[in-house]
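Q: I'd like to go over a predicted model; first the sequence, then the structure.
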Amino acid sequence: MIRLIQGIDRMNHAFEIDRMHTIRADVFHHKLRWDVTVNDGWEIDIFDEANPLYIISIDPDTEDVRGSLRLLPTTGPNMLRDVFSGLLPDDLEIADPLIWEASRFSMDPEYACGSKKCGQVSEITAELFLGAIEIGTLIGLRQLVTVYDARMARLFRRANFKIEVVGTPMRYGRVMTYAGVIGTNQTTIDELRAASGHTMSVLEKPAPTDPLAAFVA
């Protein structure tokens with residue numbers, strides 16, 4: 001299931017936040033060897049200070065964190081605008097309250113393959129994608145934009161996750177990097193559910209006091 005945690009509320013979810021940043025360090029620093037900052041075992045960057053909405057996959061039996069991604073409005077600090085703007089055509093700036101950025105997709109390697117063979121779409125991959133699209137649809141977003149590499153491009157294809165490439169892919173360091181746009185609508189949800197086997201919403205129902213409770217029925 002997907003647990004939604006707002007950055008401003010991170011102190012009330014210390015376990016989930018610790019696991020999320022530790023998994024990110026394992027994936028981006030230790031496994032992929034990206035040039036990221038790791039402090040005290042956490043991969044964390046300046047965009048985590050911008051009150052993102054975290055999409056976190058929770059094991060329903062153990063309450064462990066299996067993976068996560070991060071959503072940020074494109075009207076504020078985001079990776080595409082502030083780090084990867086070279087991917088966009090010169091005359092294009094994405095800063096729209098109805099378009100948010102998805103970033104820092106990662107899964108604990110212990111869970112990455114799930115009940116499916118490596119190379120197929122894992123339950124957690126599909127769950128994270130679905131969680132982002134579902135909440136985007138519920139809060140009225142039109143699209144998600146994301147910066148991704150060849151590894152993620154393969155995952156998108158396996159998950160039947162339709163993404164429109166914007167601009168021209170470029171090599172950042174050793175990694176071919178793309179900017180893409182994803183529709184947040186029921187059609188995208190239905191196609192991803194069909195590809196993954198999920199039949200119902202993956203979103204955990206938040207507590208009545210949670211600000212997101214008004215959106216997640």
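A: Sure, I can see it.

Q: which stretches of the chain form helices?
A: Remark: helices assigned in the chain by DSSP state H are 14-24, 79-82, 123-138, 150-158, 186-196.

Q: what packs against the fourth one?
A: Using 3 or more C-beta pairs under 8 Å, 6 or more residues apart in numbering; DSSP states H and E as the contact criterion, the secondary-structure elements in contact with helix 150-158 are strand 175-183. Every residue, glycine included, has its C-beta placed from N, CA and C.

Q: before we move on, what about the last one?
A: Of the remaining helices and strands, those touching helix 186-196 by 3+ C-beta pairs under 8 Å, 6+ apart are helix 123-138.

Q: now the helix it packs on and helix 150-158, what's the angle there?
A: With axes from the mean of the first three to the mean of the last three C-alpha atoms, to 10 degrees defining the directions, helix 123-138 sits at 80 degrees from helix 150-158.

Q: read off the pLDDT value for L192.
A: For L192, the model assigns a pLDDT of 86.

Q: for T187, that is, sorry about that
A: Per-residue confidence (pLDDT) for T187: 91.

Q: also M170?
A: Per-residue confidence (pLDDT) for M170: 90.

Q: the one 10 residues further on too?
A: We note a pLDDT of 94 for G180 in this prediction.

Q: picking that back up, lowest mean pLDDT across the helices of the chain, which one is that?
A: Per-stretch mean pLDDT for the helices of the chain is lowest at helix 150-158 (a mean of 81).
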